[in-house]
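Novice: Structure, please.
(chains A, B, C and D)
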There are 2 protein chains.
Amino acid sequence: MTTPNRRTAADDTVAVVVRQWQAVHPGTDTGPMEIIGRINRCAALLQQAEDAPLRRAGLTRPEFDLLGALRRTGRDLTPSGLARETFSSGAAVTKRLKQLQERGLIERHGDVRDRRVAHVTLTDAGRDLVDSILPVQLGYEKDVLSGLDPADQRELSARLGELLRRLEGGTGRAPGLGPGP
Amino acid sequence: MTTPNRRTAADDTVAVVVRQWQAVHPGTDTGPMEIIGRINRCAALLQQAEDAPLRRAGLTRPEFDLLGALRRTGRDLTPSGLARETFSSGAAVTKRLKQLQERGLIERHGDVRDRRVAHVTLTDAGRDLVDSILPVQLGYEKDVLSGLDPADQRELSARLGELLRRLEGGTGRAPGLGPGP
DNA sequence: TTCGAATGTTTTTCTTGTGAAACACTTGCT
DNA sequence: AGCAAGTGTTTCACAAGAAAAACATTCGAA
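Specialist: All right, here's what the predicted structure looks like:
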(Lines give C-alpha, C1' and ligand atoms only; values in the text may rest on other atoms or scores of the structure.)
Protein backbone atom coordinates (compact mmCIF):
# COMPACT_ATOMS: atom_id res chain seq x y z
CA MET A 1 0.00 0.00 0.00
CA THR A 2 1.33 3.42 -1.00
CA THR A 3 0.97 6.62 0.95
CA PRO A 4 0.14 9.12 -1.75
CA ASN A 5 -0.27 12.13 0.49
CA ARG A 6 3.18 12.30 1.97
CA ARG A 7 5.98 14.28 0.39
CA THR A 8 9.13 12.44 -0.62
CA ALA A 9 12.46 13.74 -1.90
CA ALA A 10 11.32 13.41 -5.50
CA ASP A 11 8.12 15.39 -4.86
CA ASP A 12 7.39 19.00 -4.43
CA THR A 13 4.38 20.23 -2.46
CA VAL A 14 2.43 20.83 -5.64
CA ALA A 15 2.76 17.22 -6.69
CA VAL A 16 1.23 16.19 -3.39
CA VAL A 17 -1.65 18.61 -3.72
CA VAL A 18 -2.36 17.45 -7.25
CA ARG A 19 -2.48 13.85 -6.10
CA GLN A 20 -4.91 14.79 -3.37
CA TRP A 21 -7.25 16.44 -5.84
CA GLN A 22 -6.99 13.44 -8.13
CA ALA A 23 -8.06 11.21 -5.27
CA VAL A 24 -11.10 13.38 -4.54
CA HIS A 25 -12.09 14.23 -8.11
CA PRO A 26 -10.69 11.41 -10.23
CA GLY A 27 -10.36 12.16 -13.89
CA THR A 28 -10.10 15.90 -13.51
CA ASP A 29 -7.50 17.51 -15.75
CA THR A 30 -4.99 18.72 -13.21
CA GLY A 31 -2.34 19.58 -15.77
CA PRO A 32 -2.86 23.33 -15.37
CA MET A 33 -2.43 23.10 -11.61
CA GLU A 34 0.97 21.55 -12.01
CA ILE A 35 2.20 24.61 -13.83
CA ILE A 36 0.27 27.37 -12.16
CA GLY A 37 0.49 25.92 -8.69
CA ARG A 38 4.23 25.74 -9.10
CA ILE A 39 4.47 29.29 -10.35
CA ASN A 40 2.56 30.51 -7.32
CA ARG A 41 4.55 28.45 -4.89
CA CYS A 42 7.89 29.40 -6.41
CA ALA A 43 6.91 33.05 -6.28
CA ALA A 44 5.96 32.80 -2.63
CA LEU A 45 9.18 31.06 -1.64
CA LEU A 46 11.37 33.35 -3.70
CA GLN A 47 9.80 36.42 -2.21
CA GLN A 48 10.18 35.06 1.26
CA ALA A 49 13.85 34.31 0.68
CA GLU A 50 14.55 37.69 -0.87
CA ASP A 51 12.80 39.54 1.91
CA ALA A 52 15.60 38.68 4.33
CA PRO A 53 18.26 40.96 2.81
CA LEU A 54 15.69 43.71 2.48
CA ARG A 55 14.72 43.52 6.12
CA ARG A 56 18.35 43.78 7.04
CA ALA A 57 18.36 47.07 5.12
CA GLY A 58 15.17 48.16 6.87
CA LEU A 59 13.06 47.95 3.74
CA THR A 60 9.95 46.07 2.75
CA ARG A 61 9.75 44.56 -0.69
CA PRO A 62 7.24 47.11 -1.99
CA GLU A 63 9.51 49.88 -0.76
CA PHE A 64 12.45 48.33 -2.55
CA ASP A 65 10.38 47.95 -5.70
CA LEU A 66 9.62 51.63 -5.57
CA LEU A 67 13.24 52.63 -5.13
CA GLY A 68 14.23 50.17 -7.81
CA ALA A 69 11.79 51.69 -10.26
CA LEU A 70 13.39 55.07 -9.72
CA ARG A 71 16.85 53.65 -10.08
CA ARG A 72 16.29 51.63 -13.20
CA THR A 73 14.35 54.26 -15.10
CA GLY A 74 17.16 56.68 -14.38
CA ARG A 75 14.88 59.69 -14.27
CA ASP A 76 12.40 61.08 -11.77
CA LEU A 77 8.89 59.69 -11.68
CA THR A 78 5.59 61.07 -10.49
CA PRO A 79 3.61 59.20 -7.83
CA SER A 80 1.18 57.95 -10.43
CA GLY A 81 4.08 56.88 -12.59
CA LEU A 82 5.48 54.94 -9.68
CA ALA A 83 2.11 53.34 -9.07
CA ARG A 84 2.01 52.20 -12.67
CA GLU A 85 5.60 51.04 -12.60
CA THR A 86 5.23 49.03 -9.40
CA PHE A 87 1.68 47.79 -10.05
CA SER A 88 0.38 49.24 -6.84
CA SER A 89 -2.37 51.64 -5.82
CA GLY A 90 -1.79 55.35 -5.63
CA ALA A 91 -2.62 55.36 -1.94
CA ALA A 92 0.03 52.77 -1.23
CA VAL A 93 2.61 54.79 -3.13
CA THR A 94 1.79 57.91 -1.17
CA LYS A 95 2.32 56.09 2.10
CA ARG A 96 5.61 54.60 1.00
CA LEU A 97 6.90 57.90 -0.31
CA LYS A 98 6.15 59.52 3.01
CA GLN A 99 8.24 56.97 4.88
CA LEU A 100 11.06 56.85 2.38
CA GLN A 101 11.24 60.62 2.40
CA GLU A 102 11.46 60.67 6.20
CA ARG A 103 14.39 58.29 5.91
CA GLY A 104 16.10 60.52 3.39
CA LEU A 105 15.98 58.01 0.55
CA ILE A 106 13.82 60.01 -1.84
CA GLU A 107 12.87 63.63 -2.40
CA ARG A 108 9.76 65.28 -3.77
CA HIS A 109 9.92 68.31 -6.02
CA GLY A 110 6.78 70.09 -7.18
CA ASP A 111 6.41 70.52 -10.89
CA VAL A 112 6.71 74.15 -11.88
CA ARG A 113 4.35 73.99 -14.80
CA ASP A 114 1.61 71.88 -13.29
CA ARG A 115 1.36 72.29 -9.58
CA ARG A 116 -0.69 69.14 -9.13
CA VAL A 117 2.16 66.86 -9.98
CA ALA A 118 5.16 65.92 -7.89
CA HIS A 119 8.48 64.60 -9.14
CA VAL A 120 10.12 61.96 -7.03
CA THR A 121 13.87 61.48 -7.16
CA LEU A 122 16.31 59.20 -5.40
CA THR A 123 18.73 60.84 -3.01
CA ASP A 124 22.35 59.72 -3.10
CA ALA A 125 21.62 57.57 -0.07
CA GLY A 126 18.66 56.01 -1.83
CA ARG A 127 20.64 55.26 -4.94
CA ASP A 128 23.49 53.75 -2.94
CA LEU A 129 21.08 51.62 -0.96
CA VAL A 130 19.53 50.16 -4.09
CA ASP A 131 22.93 49.55 -5.62
CA SER A 132 24.10 47.75 -2.52
CA ILE A 133 21.08 45.47 -2.29
CA LEU A 134 20.68 44.59 -5.93
CA PRO A 135 23.82 42.43 -6.24
CA VAL A 136 22.79 40.46 -3.18
CA GLN A 137 19.42 39.71 -4.70
CA LEU A 138 20.87 38.79 -8.06
CA GLY A 139 23.48 36.62 -6.39
CA TYR A 140 20.86 34.70 -4.52
CA GLU A 141 18.78 34.27 -7.64
CA LYS A 142 21.74 33.05 -9.61
CA ASP A 143 22.50 30.57 -6.91
CA VAL A 144 18.98 29.22 -6.79
CA LEU A 145 18.91 28.84 -10.55
CA SER A 146 22.27 27.14 -10.66
CA GLY A 147 20.39 23.88 -10.15
CA LEU A 148 19.22 24.16 -13.76
CA ASP A 149 21.70 23.96 -16.57
CA PRO A 150 21.92 27.01 -18.84
CA ALA A 151 19.91 25.48 -21.65
CA ASP A 152 17.07 24.70 -19.28
CA GLN A 153 17.24 28.21 -17.92
CA ARG A 154 16.82 29.67 -21.37
CA GLU A 155 13.97 27.27 -21.99
CA LEU A 156 12.26 28.28 -18.79
CA SER A 157 12.74 31.95 -19.44
CA ALA A 158 11.29 31.65 -22.93
CA ARG A 159 8.23 29.64 -21.85
CA LEU A 160 7.50 31.99 -19.01
CA GLY A 161 7.82 34.88 -21.42
CA GLU A 162 5.20 33.35 -23.70
CA LEU A 163 2.87 32.81 -20.79
CA LEU A 164 3.45 36.29 -19.45
CA ARG A 165 2.80 37.94 -22.77
CA ARG A 166 -0.49 36.13 -22.91
CA LEU A 167 -1.39 37.16 -19.37
CA GLU A 168 -0.46 40.75 -20.05
CA GLY A 169 -2.84 40.74 -22.95
CA GLY A 170 -0.28 41.36 -25.67
CA THR A 171 -2.51 39.25 -27.91
CA GLY A 172 -5.91 37.96 -26.95
CA ARG A 173 -6.89 38.31 -23.35
CA ALA A 174 -8.45 35.56 -21.30
CA PRO A 175 -12.04 35.30 -22.49
CA GLY A 176 -15.05 35.19 -20.27
CA LEU A 177 -13.38 35.98 -17.01
CA GLY A 178 -12.67 39.68 -17.15
CA PRO A 179 -13.77 41.93 -14.31
CA GLY A 180 -16.70 43.01 -16.46
CA PRO A 181 -17.85 46.53 -17.32
CA MET B 1 17.60 55.68 -32.61
CA THR B 2 15.77 53.00 -30.69
CA THR B 3 13.50 53.51 -27.69
CA PRO B 4 14.49 50.65 -25.42
CA ASN B 5 12.16 51.47 -22.54
CA ARG B 6 8.85 51.13 -24.26
CA ARG B 7 6.94 47.88 -24.39
CA THR B 8 6.13 46.43 -27.79
CA ALA B 9 3.98 43.46 -28.76
CA ALA B 10 6.98 41.13 -28.68
CA ASP B 11 7.97 42.24 -25.17
CA ASP B 12 6.65 41.51 -21.78
CA THR B 13 7.07 43.95 -18.90
CA VAL B 14 9.99 41.98 -17.54
CA ALA B 15 11.95 42.38 -20.75
CA VAL B 16 11.56 46.14 -20.45
CA VAL B 17 12.69 46.17 -16.84
CA VAL B 18 15.71 44.06 -17.65
CA ARG B 19 16.71 46.44 -20.41
CA GLN B 20 16.41 49.35 -18.03
CA TRP B 21 18.72 47.71 -15.54
CA GLN B 22 21.17 46.91 -18.30
CA ALA B 23 21.26 50.55 -19.26
CA VAL B 24 21.99 51.60 -15.69
CA HIS B 25 24.36 48.80 -14.72
CA PRO B 26 25.82 47.58 -17.99
CA GLY B 27 27.37 44.17 -17.88
CA THR B 28 25.34 42.90 -14.94
CA ASP B 29 24.15 39.33 -15.32
CA THR B 30 20.41 39.86 -15.60
CA GLY B 31 19.67 36.29 -16.61
CA PRO B 32 18.19 35.40 -13.24
CA MET B 33 15.82 38.35 -13.36
CA GLU B 34 14.36 37.16 -16.62
CA ILE B 35 13.23 33.97 -14.98
CA ILE B 36 12.41 35.08 -11.50
CA GLY B 37 10.89 38.38 -12.52
CA ARG B 38 8.60 36.49 -14.86
CA ILE B 39 7.62 34.00 -12.22
CA ASN B 40 6.67 36.79 -9.87
CA ARG B 41 4.79 38.72 -12.49
CA CYS B 42 2.94 35.65 -13.77
CA ALA B 43 1.95 34.77 -10.24
CA ALA B 44 0.62 38.25 -9.59
CA LEU B 45 -1.42 38.34 -12.78
CA LEU B 46 -2.74 34.82 -12.34
CA GLN B 47 -3.85 35.52 -8.82
CA GLN B 48 -5.53 38.70 -9.87
CA ALA B 49 -7.41 36.92 -12.65
CA GLU B 50 -8.47 34.06 -10.43
CA ASP B 51 -9.68 36.35 -7.70
CA ALA B 52 -12.65 37.43 -9.80
CA PRO B 53 -14.59 34.15 -9.58
CA LEU B 54 -13.82 33.93 -5.90
CA ARG B 55 -15.17 37.39 -5.23
CA ARG B 56 -18.34 36.44 -7.02
CA ALA B 57 -18.65 33.61 -4.51
CA GLY B 58 -17.94 36.00 -1.64
CA LEU B 59 -14.57 34.47 -0.84
CA THR B 60 -11.04 35.74 -0.68
CA ARG B 61 -8.24 33.63 -2.06
CA PRO B 62 -6.87 32.68 1.37
CA GLU B 63 -10.35 31.61 2.42
CA PHE B 64 -10.66 29.48 -0.68
CA ASP B 65 -7.25 27.97 -0.05
CA LEU B 66 -8.38 26.98 3.40
CA LEU B 67 -11.58 25.38 2.16
CA GLY B 68 -9.64 23.72 -0.62
CA ALA B 69 -7.19 22.21 1.82
CA LEU B 70 -10.09 20.63 3.70
CA ARG B 71 -11.66 19.39 0.51
CA ARG B 72 -8.58 17.87 -1.05
CA THR B 73 -7.30 16.16 2.05
CA GLY B 74 -10.70 14.56 2.47
CA ARG B 75 -10.48 14.52 6.22
CA ASP B 76 -10.80 17.07 8.98
CA LEU B 77 -7.83 19.21 9.90
CA THR B 78 -6.84 21.09 13.01
CA PRO B 79 -6.19 24.84 12.84
CA SER B 80 -2.48 24.25 13.02
CA GLY B 81 -2.76 21.65 10.30
CA LEU B 82 -4.58 24.18 8.16
CA ALA B 83 -1.92 26.76 8.84
CA ARG B 84 0.74 24.33 7.67
CA GLU B 85 -1.28 23.28 4.66
CA THR B 86 -2.02 26.82 3.51
CA PHE B 87 1.34 28.31 4.48
CA SER B 88 -0.23 30.91 6.68
CA SER B 89 0.03 32.00 10.28
CA GLY B 90 -2.07 30.50 13.02
CA ALA B 91 -3.67 33.82 13.81
CA ALA B 92 -4.79 34.27 10.22
CA VAL B 93 -6.32 30.81 10.20
CA THR B 94 -8.25 31.53 13.37
CA LYS B 95 -9.74 34.66 11.84
CA ARG B 96 -10.71 32.92 8.64
CA LEU B 97 -12.26 30.01 10.48
CA LYS B 98 -14.39 32.40 12.47
CA GLN B 99 -15.82 33.99 9.35
CA LEU B 100 -16.25 30.77 7.45
CA GLN B 101 -18.02 29.24 10.41
CA GLU B 102 -20.40 32.20 10.62
CA ARG B 103 -21.23 31.63 6.98
CA GLY B 104 -21.90 27.96 7.60
CA LEU B 105 -19.09 26.70 5.39
CA ILE B 106 -17.08 24.92 8.08
CA GLU B 107 -17.65 23.46 11.53
CA ARG B 108 -15.41 23.06 14.54
CA HIS B 109 -15.53 20.00 16.75
CA GLY B 110 -13.48 19.71 19.90
CA ASP B 111 -11.22 16.69 20.20
CA VAL B 112 -12.43 14.33 22.88
CA ARG B 113 -9.02 13.05 23.90
CA ASP B 114 -7.10 16.33 23.87
CA ARG B 115 -9.30 19.26 24.64
CA ARG B 116 -6.81 21.78 23.32
CA VAL B 117 -7.25 20.73 19.74
CA ALA B 118 -10.14 21.48 17.41
CA HIS B 119 -11.13 19.54 14.32
CA VAL B 120 -12.36 21.56 11.40
CA THR B 121 -14.66 20.01 8.83
CA LEU B 122 -16.40 21.26 5.72
CA THR B 123 -20.15 21.50 5.85
CA ASP B 124 -22.13 20.28 2.85
CA ALA B 125 -22.45 23.90 1.76
CA GLY B 126 -18.72 24.37 2.06
CA ARG B 127 -17.96 21.27 0.05
CA ASP B 128 -20.44 22.24 -2.65
CA LEU B 129 -18.99 25.72 -2.84
CA VAL B 130 -15.47 24.44 -3.39
CA ASP B 131 -16.67 21.94 -5.96
CA SER B 132 -18.50 24.65 -7.85
CA ILE B 133 -15.57 27.04 -7.96
CA LEU B 134 -12.79 24.60 -8.74
CA PRO B 135 -13.85 23.82 -12.32
CA VAL B 136 -14.07 27.51 -13.09
CA GLN B 137 -10.52 28.04 -11.90
CA LEU B 138 -9.19 25.03 -13.75
CA GLY B 139 -11.03 26.10 -16.87
CA TYR B 140 -9.44 29.51 -16.78
CA GLU B 141 -6.02 28.03 -16.18
CA LYS B 142 -6.40 25.62 -19.04
CA ASP B 143 -7.42 28.46 -21.28
CA VAL B 144 -4.46 30.60 -20.35
CA LEU B 145 -2.07 27.75 -20.91
CA SER B 146 -3.61 26.84 -24.25
CA GLY B 147 -1.18 29.34 -25.77
CA LEU B 148 1.60 26.80 -25.17
CA ASP B 149 1.60 23.53 -26.99
CA PRO B 150 1.42 20.40 -24.80
CA ALA B 151 5.11 19.58 -25.12
CA ASP B 152 6.05 23.04 -23.91
CA GLN B 153 3.62 22.71 -21.05
CA ARG B 154 5.26 19.52 -19.89
CA GLU B 155 8.64 21.19 -20.25
CA LEU B 156 7.54 24.15 -18.19
CA SER B 157 5.99 21.98 -15.53
CA ALA B 158 9.14 19.89 -15.22
CA ARG B 159 11.51 22.86 -15.00
CA LEU B 160 9.35 24.58 -12.44
CA GLY B 161 9.26 21.37 -10.48
CA GLU B 162 13.05 21.23 -10.39
CA LEU B 163 13.22 24.82 -9.25
CA LEU B 164 10.54 24.32 -6.66
CA ARG B 165 12.16 21.26 -5.18
CA ARG B 166 15.31 23.28 -4.78
CA LEU B 167 13.46 26.14 -3.14
CA GLU B 168 11.67 23.79 -0.82
CA GLY B 169 14.98 22.46 0.30
CA GLY B 170 14.53 18.91 -0.91
CA THR B 171 18.27 18.86 -1.47
CA GLY B 172 20.70 21.60 -0.56
CA ARG B 173 19.24 24.88 0.55
CA ALA B 174 20.39 28.27 -0.66
CA PRO B 175 23.64 28.95 1.16
CA GLY B 176 24.56 32.15 2.89
CA LEU B 177 21.19 33.80 2.88
CA GLY B 178 19.24 32.17 5.66
CA PRO B 179 17.45 34.32 8.21
CA GLY B 180 20.41 33.87 10.51
CA PRO B 181 20.50 32.96 14.20
C1' DT C 1 -13.33 85.08 -18.14
C1' DT C 2 -15.68 81.70 -15.81
C1' DC C 3 -17.66 77.33 -15.02
C1' DG C 4 -17.48 72.31 -15.26
C1' DA C 5 -15.10 68.18 -16.28
C1' DA C 6 -10.80 65.90 -15.95
C1' DT C 7 -6.41 64.88 -13.72
C1' DG C 8 -2.79 64.17 -9.97
C1' DT C 9 -2.19 63.52 -5.22
C1' DT C 10 -3.43 62.81 -0.55
C1' DT C 11 -6.58 61.59 3.19
C1' DT C 12 -9.98 58.66 5.30
C1' DT C 13 -12.07 54.47 6.53
C1' DC C 14 -12.09 49.75 6.63
C1' DT C 15 -10.24 45.01 6.19
C1' DT C 16 -6.68 41.76 6.66
C1' DG C 17 -2.41 39.77 8.22
C1' DT C 18 1.33 39.41 11.73
C1' DG C 19 4.03 38.60 16.07
C1' DA C 20 3.68 38.49 20.81
C1' DA C 21 1.25 37.49 24.60
C1' DA C 22 -2.49 35.11 26.86
C1' DC C 23 -5.09 31.12 27.71
C1' DA C 24 -6.23 26.24 28.04
C1' DC C 25 -4.87 21.95 28.39
C1' DT C 26 -1.60 17.86 28.52
C1' DT C 27 2.53 15.36 29.70
C1' DG C 28 6.51 13.94 32.10
C1' DC C 29 9.23 14.33 36.11
C1' DT C 30 9.66 13.96 41.08
C1' DA D 1 -0.48 14.13 43.60
C1' DG D 2 1.81 18.40 42.11
C1' DC D 3 4.22 21.25 39.22
C1' DA D 4 7.11 22.81 35.28
C1' DA D 5 7.60 22.75 30.52
C1' DG D 6 5.49 22.03 26.21
C1' DT D 7 1.73 22.29 22.74
C1' DG D 8 -2.62 23.99 20.37
C1' DT D 9 -5.53 27.80 19.87
C1' DT D 10 -7.11 32.37 20.39
C1' DT D 11 -6.73 37.34 21.47
C1' DC D 12 -4.57 41.80 21.14
C1' DA D 13 -2.22 45.75 19.29
C1' DC D 14 -0.42 47.30 15.41
C1' DA D 15 1.23 47.96 10.44
C1' DA D 16 -0.06 47.97 5.51
C1' DG D 17 -2.94 48.15 1.52
C1' DA D 18 -7.46 49.06 -1.06
C1' DA D 19 -11.38 51.78 -2.45
C1' DA D 20 -13.62 55.86 -2.21
C1' DA D 21 -13.85 60.51 -1.02
C1' DA D 22 -11.62 64.90 -0.58
C1' DC D 23 -8.44 68.43 -2.30
C1' DA D 24 -5.91 71.08 -5.46
C1' DT D 25 -5.09 72.36 -9.86
C1' DT D 26 -5.46 72.55 -14.97
C1' DC D 27 -7.86 72.68 -19.32
C1' DG D 28 -11.44 73.47 -22.62
C1' DA D 29 -15.72 75.37 -24.09
C1' DA D 30 -19.02 78.84 -23.95
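Novice: Would you mind naming what in chain A lies close to DNA strand C?
Specialist: A:78-81, A:90-91, A:93-95, A:97-98, A:108, A:114, A:116-118 (C-beta under 7 Å from any atom of the strand). Where you see a C-beta, it was placed from the backbone N, CA and C, and this is true even at glycine.
Novice: ok, of the residues you listed, which come out buried?
Specialist: With neighbours counted by 16 or more other C-beta atoms under 10 Å in any protein chain shown, these contain buried members at A:Thr78, A:Pro79, A:Gly81, A:Val93, A:Leu97, A:Ala118.
Novice: which SS state does A:Arg108 fall under?
Specialist: Put simply, A:Arg108 is strand when judged by DSSP: H, G, I helix; E, B strand; the rest coil.
Novice: So what sits opposite it in the bridge?
Specialist: A:Val120 (DSSP bridges).
Novice: Against A:Arg127, how distant is it?
Specialist: Per C-beta to C-beta, to the nearest Å, A:Arg108 is found 16 Å from A:Arg127.
Novice: which helix is the longest one in chain A?
Specialist: The longest helix of chain A (DSSP state H) is helix A:31-56.
Novice: anything in it near DNA strand D?
Specialist: No - using C-beta under 7 Å from any atom of the strand, we find that helix A:31-56 stays clear of DNA strand D, coming within 10.7 Å at best.
Novice: could you say what helices and strands that helix packs with?
Specialist: Counting contacts by 3 or more C-beta pairs under 8 Å, 6 or more residues apart in numbering or on different chains; DSSP states H and E, helix A:31-56 packs against helix A:13-24, helix A:61-73, helix A:124-145, helix B:31-56, helix B:124-145, helix B:150-167.
Novice: Could you count how many residues lie near A:Thr60?
Specialist: Look at A:Thr60: counted by other C-beta atoms under 10 Å in any protein chain shown, it has 13 neighbours.
Novice: now swap in the one 4 residues further on and tell me
Specialist: Other residues near A:Phe64 come to 22 when the count uses other C-beta under 10 Å.
Novice: Which residues are in contact with the residue nearest to it when sequence neighbours are not counted?
Specialist: Closest residue to A:Phe64 apart from its sequence neighbours, by C-beta to C-beta, 6 or more residues apart in numbering or on different chains: A:Leu54 at 5.3 Å. Applying C-beta atoms under 8 Å, 6 or more residues apart in numbering or on different chains to A:Leu54 gives the contacts A:Thr60, A:Arg61, A:Glu63, A:Phe64, A:Ile133.
Novice: Could you save the residues you listed as TSV and add columns showing distance to B:Asp149 and pLDDT?
Specialist: TSV is the format used below for the contacts of A:Leu54 (distance: C-beta to C-beta, whole Å; pLDDT from 0 to 100):
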residue	distance to B:Asp149	pLDDT
A:Thr60	40	96
A:Arg61	35	97
A:Glu63	40	98
A:Phe64	37	98
A:Ile133	39	96
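Novice: ok, so of the residues you listed, who is nearest chain B?
Specialist: Distance to chain B across those (C-beta to the nearest C-beta) is lowest for A:Arg61, with 10.0 Å.
Novice: give me the number of residues near that closest one?
Specialist: When neighbours are defined as other C-beta under 10 Å, A:Arg61 has 15 of them.
Novice: Is it in contact with A:Pro53, as I believe?
Specialist: No - using C-beta atoms under 8 Å, A:Arg61 is not in contact with A:Pro53; the gap is 10.4 Å.
Novice: about what we covered before: which ones among the buried ones among the residues of chain A next to DNA strand C map onto helices?
Specialist: Among those, the ones falling in helices (DSSP H) are A:Pro79, A:Gly81, A:Val93, A:Leu97.
Novice: Quick check: which of the contacts of A:Leu54 are also close to DNA strand D?
Specialist: Answer for these near DNA strand D (C-beta under 7 Å from any atom of the strand): A:Thr60.
Novice: Closest one to A:Asp29 out of the contacts of A:Leu54, please.
Specialist: When these are compared for distance to A:Asp29 (C-beta to C-beta), A:Arg61 wins out at 34.3 Å.
Novice: ok, now which ones touch the closest one?
Specialist: Counting by C-beta under 8 Å, 6+ apart, A:Arg61 touches A:Gln47, A:Glu50, A:Asp51, A:Leu54.
Novice: Around the first one, how many other residues sit close by?
Specialist: A:Gln47 has 15 neighbours, counted by other C-beta under 10 Å.
Novice: Next one: it from A:Ile39, what distance?
Specialist: Per C-beta to C-beta, A:Gln47 is found 12 Å from A:Ile39.
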